[in-house]
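Visitor: Okay, sequence plus prediction incoming.
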Amino acid sequence: MPVTILVSRAGDAKTFTSRISRFYTEERPAALNTIAYTNHDLLLHGHRIGKVGSQLEVSIFRKLERATLQLASLMAASKHLLYYQEACRYWAKSCKGLPFFRRNGERIAPPHGRTKSFVSAEACAFAACLLNSTLFYWFYSAFSDCEHINDALLETFRVPTTWNNERWIEQEKRLAHSLSENSTRKKILTKQGHKIEYDELNAAKSKVVFDEIDCALARQYGFTDEELDFIINYDIKYRMGRDHENEAEQ
């Protein structure tokens, strides 16, 4: 459950925050001891206070801010469709076109999702890679309610003018193939009697491809090696889950 603790003092104009701090139930007794605070003035849309816990994160945000375009500038009515799921926990779910979803034998658009169209296949592929990146997940964690991705968060994401210097179509194809290879076709029967079929993704198994995308994004935004390392490993303990922990211990 997302919980925020606010402490204020009259006359104190400084703002200190921590980053999002996740923990397993057995880690609860020591949870507060792991929290670090940093002083900053990061705001998104004039009211979203950045949930960051280090000056390294402040530096990453400032480099995003320096990008002169917004993702919305690459959008236009076209056949190049991007789908993204509103609900987000540890992985943002996005893809070119509509993902597989069938109700009572009929292919339909999945519920609780949104679509955007882009000016070109390259722009759509870039957007798909961006939304699946750990960079976007960090941004979402820092400036959203940690449960939903909305149009404003997506459309106002800053994009460098050099965004198309990378081979995003090839990168998106590798990502789509990896996600497909690591998905499982599920069939369920709803309380209303509908037969639903969909592909359940195991995004953690595509982490290597996500890392390739983040390396490409780091080149465009001018991140240092330290900043890229932070992004690639952001929240990795909880995003990769217990299986990752067990593998690391072996």
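Guide: Yep, that arrived.

Visitor: Would you map the strands across the chain?
Guide: Assigned by DSSP state E, the chain shows strands spanning 16-17, 38-39, 43-44, 48-49, 69-70, 75-85, 94-96, 101-103, 106-107, 113-118, 158-159, 183-189, 195-201.

Visitor: I'd like to know which elements the fifth one is packed against.
Guide: The reference is to strand 69-70. strand 158-159 (3 or more Cβ pairs under 8 Å, 6 or more residues apart in numbering; DSSP states H and E). For every residue, glycine as well, the C-beta is placed using N, CA and C.

Visitor: partner strands of the strand it packs on, parallel or antiparallel?
Guide: strand 69-70 (antiparallel) (DSSP bridges).

Visitor: Find the nearest non-adjacent residue to S78, please.
Guide: Closest residue in space to S78, ignoring its immediate chain neighbours: S117 at 4.7 Å, by Cβ to Cβ, 6 or more residues apart in numbering.

Visitor: just the helices in this protein please.
Guide: Ranges of helices in the chain, per DSSP state H, are 55-66, 121-132, 134-143, 151-155, 168-181, 207-221, 225-232, 236-249.

Visitor: which ones are touching C88?
Guide: 137, 140, 144, 147-149 (Cβ atoms under 8 Å, 6 or more residues apart in numbering).

Visitor: redo that, cut-off 7 Å
Guide: Residues in contact with C88 (Cβ atoms under 7 Å, 6 or more residues apart in numbering) are 140, 147-149.

Visitor: Any chance of those in TSV with neighbour count, distance to T25 and pLDDT as columns?
Guide: Shown next, in TSV, are the contacts of C88 (neighbours: other Cβ atoms under 10 Å; distance: Cβ to Cβ, whole Å; pLDDT from 0 to 100):
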residue	neighbour count	distance to T25	pLDDT
Y140	22	24	96
E147	12	20	90
H148	13	24	92
I149	22	27	94
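
Visitor: that older thread, and the strands of the chain: which comes nearest C129?
Guide: strand 94-96 (9.0 Å; Cβ to Cβ).

Visitor: Buried ones in the closest one, by neighbour count?
Guide: Using 16 or more other Cβ atoms under 10 Å as the test for burial, strand 94-96 gives 94-96.

Visitor: Buried deepest among the strands of the chain, which one?
Guide: Burial of the strands of the chain is given as mean neighbour count (mean count of other Cβ atoms under 10 Å); strand 94-96 ranks first at a mean of 23.

Visitor: just checking, what packs against that one?
Guide: strand 75-85, helix 121-132 (3 or more Cβ pairs under 7 Å, 6 or more residues apart in numbering; DSSP states H and E).

Visitor: Sheet partners, orientation included, of that strand?
Guide: When DSSP bridges is applied, strand 94-96 pairs with strand 75-85 (antiparallel).

Visitor: which residues touch the strand it pairs with?
Guide: Here strand 75-85 has contacts from 92-99, 112-121, 123-124, 127-128, 131, 149, using Cβ under 7 Å, 6+ apart.

Visitor: how about the helices and strands packed on strand 94-96 in TSV, adding mean pLDDT and distance to D12?
Guide: Shown next, in TSV, are the helices and strands packed on strand 94-96 (pLDDT from 0 to 100; distance: least, Cβ to Cβ, whole Å):
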stretch	mean pLDDT	distance to D12
strand 75-85	96	39
helix 121-132	98	37
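
Visitor: re earlier: now flag whichever of the buried residues of strand 94-96 is closest to E27.
Guide: For the buried residues of strand 94-96, the nearest to E27 is S94 (30.2 Å; Cβ to Cβ).

Visitor: What separation do you get for that closest one and K63?
Guide: 22 Å (Cβ to Cβ, to the nearest Å).
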